[in-house]
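*Asks:* The following block contains a protein sequence and its predicted model.
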Amino acid sequence: MKINLKSAADFVGGVVIGNPDIELKGLAKIEEAQKGDLTFLYLPSFEKFLETTKASAVIISPEFKRTRTDLSYIEVKNPNVAIQKIIITFLNPKINLNGIDKSASIHPTVKLGKNISIGKNVVVGEGSVIGDETIIFHNTVLLDNVTVGRECLIYPNVSIRENCVIGNNVIIHSNTCIGSDGFGYIPDENGIYKKVPQIGNVVIEDDVELGSNVSIDRAALGSTKIKKGVKIDNLVQIAHNVEIGDNTAIASQSGIAGSTTIGKHCILAGQVGIVGHIEIADQVMIGAQSGVSKSIKKPGKYRGTPASEMGAMLRVEAHMRILPDYSEKIKKLEEKIASLESKISELLSKGS
């Protein structure tokens with residue numbers, strides 16, 4: 001990365017405060033930046049580092065005080081968005097994989113698009129299709145009749161089971177498994193579980209990104225569906241016949257049980273658990289470590305186990321924090337009531 005401050009500011013639509021001719025050589029976190037680096041400040045919790053950073057320039061929003069005159073600044077409305085633009089344009093890592101490695105095992109019936117790159121020990125099964133400009137890294141396995149769209153990026157050690165469909169511009173990170181068997185068993189008369197064949201598939205639409213160690217089960221019948229623009233973090237489990245709506249984001253260690261439907265533009269924070277056979281409306285945000293046991297039919301923020309409307313749950317938590325005080329108050333009230341009851345009994349006995 002080599003760019004002067006004025007050019008960087010023009011690129012992100014910002015205003016330079018300071019020396020516009022500073023040459024920027026790199027990008028770094030505010031607490032680690034050195035001379036020649038560009039950094040950014042967008043969270044109040046990091047404002048303390050502004051006094052000690054060694055960066056040459058800082059992308060900053062108007063609400064922060066520019067207390068140092070030895071620094072130059074790019075002032076923008078949203079530093080986080082600005083820094084993302086710079087990373088994507090100037091620092092996006094290059095993919096060093098070209099052509100098809102000799103060690104790859106590709107069935108003769110596979111249809112390969114233009115400008116495909118396939119790494120070492122990749123296996124592509126009979127009847128599969130791979131679209132133009134797609135890159136598949138080492139040790140990845142695609143079983144029979146898998147379809148992968150255009151401009152996909154599949155990192156090492158990914159497994160895509162038979163008959164699954166991957167759309168265009170999909171990114172799949174290492175060790176993810178798409179199309180594993182759904183958790184389908186029926187106990188017989190002796191209580192021994194018998195496996196129910198899972199004969200459906202997984203359909204992943206365009207512009208989806210899946211983190212590492214994601215497991216998406218194939219449907220028992222039909223398809224498990226990950227709709228357009230969905231983003232899924234590492235270590236997420238999605239069971240058979242689940243449907244996730246457009247542009248929903250799911251954070252790490254969340255799990256969704258079978259046949260549940262998640263709406264569009266939802267956010268599931270880390271370690272959210274959702275039971276099977278329910279529906280989550282569009283534009284629902286579920287807080288971290290929540291357990292969802294029934295359908296959520298209205299947009300909004302939810303939290304807790306079982307998940308409830310956020311405001312109500314926060315009020316419950318506020319009361320829970322002072323339960324010892326309540327206990328002491330109840331104990332004193334009980335003592336007063338007992339004393340009053342004793343006095344009343346005494347008065348009644350005297351009156352009789």
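*Replies:* Now that the structure is in, tell me what you want to look at. Residues are numbered from 1 along each chain as shown.
*Asks:* Just give me the residue closest to the centre of the chain.
*Replies:* With distances taken as Cα atoms, centre = their mean, residue 251 lies nearest the centre of the chain, 3.2 Å away.
*Asks:* Backbone dihedrals for it, please?
*Replies:* phi -90, psi 170 (degrees, to the nearest 10).
*Asks:* how near is the closest residue to it other than its chain neighbours to residue 287?
*Replies:* Distance criterion Cβ to Cβ, 6 or more residues apart in numbering; nearest residue to residue 251, sequence neighbours excluded, is residue 270 at 4.3 Å. The way it works is simple: take the backbone N, C-alpha and C, and place the C-beta from them, glycine included. Counting by Cβ to Cβ, to the nearest Å, the separation of residue 270 from residue 287 is 9 Å.
*Asks:* Kindly report the same for residue 5.
*Replies:* For residue 5, the distance to residue 287 - Cβ to Cβ - is 40 Å.
*Asks:* The two: which has the busier surroundings?
*Replies:* A count of neighbours by other Cβ atoms under 10 Å puts residue 5 above the other of residue 5 and residue 287, at 23 against 19.
*Asks:* Not counting its neighbours along the chain, what's nearest the more buried one?
*Replies:* residue 22 (4.4 Å).
*Asks:* Residue 58 is in contact with the one you found, correct?
*Replies:* No: if you go by Cβ atoms under 8 Å, residue 22 and residue 58 don't touch, sitting 11.2 Å apart.
*Asks:* Comparing those two, which shows the higher neighbour count?
*Replies:* Of the pair residue 22 and residue 58, residue 58 is the one with more neighbours under other Cβ under 10 Å, namely 26 against 18.
*Asks:* any idea how far the worst-scoring helix or strand of the chain on mean pLDDT is from the chain center?
*Replies:* Using mean pLDDT, DSSP states H and E, the weakest-scoring helix or strand in the chain turns out to be helix 310-321, at a mean of 84. Remark: helix 310-321 is offset 26 Å from the chain centroid, using Cα atoms, centre = their mean, to the nearest Å.
*Asks:* now swap in stretch 201-221 and tell me
*Replies:* Centre to centre, stretch against its chain (Cα atoms, centre = their mean), the figure for stretch 201-221 is 14 Å.
*Asks:* related to what we said a few turns ago, to which secondary structure element is the residue nearest to residue 251 assigned?
*Replies:* Under the criterion DSSP states H and E, no helix or strand holds residue 270.
*Asks:* can you pull the contacts of it?
*Replies:* 233, 251-254, 288-289 (Cβ atoms under 8 Å, 6 or more residues apart in numbering).
*Asks:* mind checking pLDDT for it?
*Replies:* On pLDDT, residue 270 comes in at 95.
*Asks:* repeat for residue 170
*Replies:* In this prediction, residue 170 has a pLDDT value of 98.
*Asks:* before we move on, what about residue 351?
*Replies:* With respect to pLDDT, residue 351 has a value of 69.
*Asks:* Just the terminal-to-terminal distance for stretch 106-118.
*Replies:* 10 Å (Cα to Cα, to the nearest Å).
*Asks:* now residue 81: how far from residue 18?
*Replies:* 21 Å.
*Asks:* ditto for residue 37
*Replies:* 15 Å.
*Asks:* Compare those two (neighbour count), which wins?
*Replies:* Under the criterion of other Cβ under 10 Å, the comparison of residue 37 against residue 18 puts residue 37 first, with 21 against 18.
*Asks:* so what's the more buried one up against?
*Replies:* 24-28, 54-56.
*Asks:* which among those residues end up buried?
*Replies:* 24, 26-28, 55-56 (16 or more other Cβ atoms under 10 Å).
*Asks:* With distance to residue 329 and secondary structure as added columns, please give these in TSV.
*Replies:* Shown next, in TSV, are these (distance: Cβ to Cβ, whole Å; DSSP: H, G, I helix; E, B strand; the rest coil):
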residue	distance to residue 329	secondary structure
24	61	strand
26	59	strand
27	56	strand
28	54	coil
55	54	coil
56	59	coil
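*Asks:* Among those, pick out the one closest to residue 106, please.
*Replies:* residue 27 (39.1 Å; Cβ to Cβ).
*Asks:* Sort out which one of the contacts of residue 37 lies nearest residue 260 for me.
*Replies:* Nearest to residue 260 among those, with distances taken as Cβ to Cβ, is residue 27, at 40.1 Å.
*Asks:* so what's the closest one scoring on pLDDT?
*Replies:* 93.
*Asks:* Give the helix, strand or coil label for the closest residue in space to it that isn't next to it in sequence.
*Replies:* Leaving out its chain neighbours, the residue that sits closest to residue 27 by Cβ to Cβ, 6+ apart is residue 38, at 5.3 Å. Taking DSSP: H, G, I helix; E, B strand; the rest coil as the rule, one finds residue 38 in the strand state.
*Asks:* count of neighbours near residue 38?
*Replies:* Using other Cβ under 10 Å: residue 38 sits among 25 other residues.
*Asks:* Now do the contacts for it.
*Replies:* 5, 8, 24, 26-28, 55-59, 86.
*Asks:* same thing but 10 Å
*Replies:* Each residue near residue 38 by Cβ atoms under 10 Å, 6 or more residues apart in numbering is listed here: 1, 3, 5, 8, 22, 24-28, 55-59, 72, 74, 83, 86, 90.
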